[in-house]
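Q: Model the following, please.
(one chain, ligands or ions: 3)
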Amino acid sequence: MTTELLKGTNLYLVGMMGSGKTTIGKHLAKLLNYRFIDTDDVIVQATGQSINDIFAAQGEAAFRDIETQVLGQVAPYTHTVIATGGGMVIKQQNWSYLQSGLVVWINVAVDELIARLSRDKSRPLLQEGDLRHKLTTLLEQRQARYAQADATVVYQHGEKVDAIASRILDTLQTVITENPATSTTLDH
Ligand SMILES: Nc1ncnc2c1ncn2[C@@H]1O[C@H](COP(=O)(O)OP(=O)(O)O)[C@@H](O)[C@H]1O
Ligand SMILES: O=C(O)C1=C[C@@H](OP(=O)(O)O)[C@@H](O)[C@H](O)C1
Ligand SMILES: [Mg+2]
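A: Numbers count the residues shown, from 1 in each chain. Ligands and ions are numbered 1, 2, ... in the order given. Next comes the predicted model:
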């Protein structure tokens, strides 16, 4: 049902590190018969370096430039679910690309993010200092940007990936039905 309503419009998943963008995005793409792209994966493939290595060797600003380039490269696609990195929403320039599709914020409480990420070594911004403080500070800086999303799904404790994915589709159906102009990719 939502597949027809979307008319090929891309879905961009935004939210904090650990919120499940990559995991849920893959599932969502299967449900919609869409392609799946993770901007971090594209960066790793294109540079031949891990995200940790890029941050260590070139710094965050260089990573953000590559991230914007990658977003610009994938935005012209249709029928694609794009899992973004948690910091994608920061740059205003990125919103011109994000707004070519429908943006979904997966809103997960900091306590749950801590439980998921306490042993994670793949996210350079979380490797030093207190994890709760880092996540809380980042969320404070980003929350208003995440809230610019077209749809928000709040994670319910213990909710499985397939349940969140189908709730995202239900929410999008409501958003599109209430404002049909939101899904227009293939109309022009
Ligand atoms: N609904 C969920 N319940 C429990 N764990 C989850 C859920 N969604 C994702 N995870 C786990 O949380 C971690 C981060 O997920 P990931 O998809 O990489 O998030 P993101 O791409 O937003 O950083 C992974 O270990 C993943 O298995
Ligand atoms: O929030 C961030 O600034 C980042 C999130 C990461 O992606 P995930 O959100 O998929 O973990 C990755 O892009 C990089 O480590 C920076
Ligand atoms: Mg991810």
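
Q: Give me the contact list for the helix or strand bottoming out on mean pLDDT in the chain.
A: Across the helices and strands of the chain, mean pLDDT, DSSP states H and E gives its lowest value to helix 2-6, namely a mean of 89. Helix 2-6 is contacted from outside by 32-33, 102, 169-170, 172-173, 176-177, 183, using C-beta atoms under 8 Å, 6 or more residues apart in numbering. C-beta coordinates here come from the backbone N, C-alpha and C atoms, glycine included.

Q: Mind checking what helix or strand follows that helix in sequence?
A: Under the assignment DSSP states H and E, the closest C-terminal helix or strand after helix 2-6 is strand 11-14.

Q: by contact count, what packs against that following strand?
A: helix 21-32, strand 80-83, strand 102-107 (3 or more C-beta pairs under 8 Å, 6 or more residues apart in numbering; DSSP states H and E).

Q: circling back: need the buried ones from the contacts of helix 2-6 selected in ChimeraX.
A: The ChimeraX command for the buried members of those (criterion: 16 or more other C-beta atoms under 10 Å) is given here:
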select :32,102,169,172,176,183
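
Q: biggest separation within the contacts of helix 2-6, which pair?
A: Asn33 and Thr177 (20.6 Å; C-beta to C-beta).

Q: quick one, helices of the chain?
A: 2-6, 21-32, 39-47, 51-58, 60-74, 92-98, 110-117, 131-146, 161-178 (DSSP state H).
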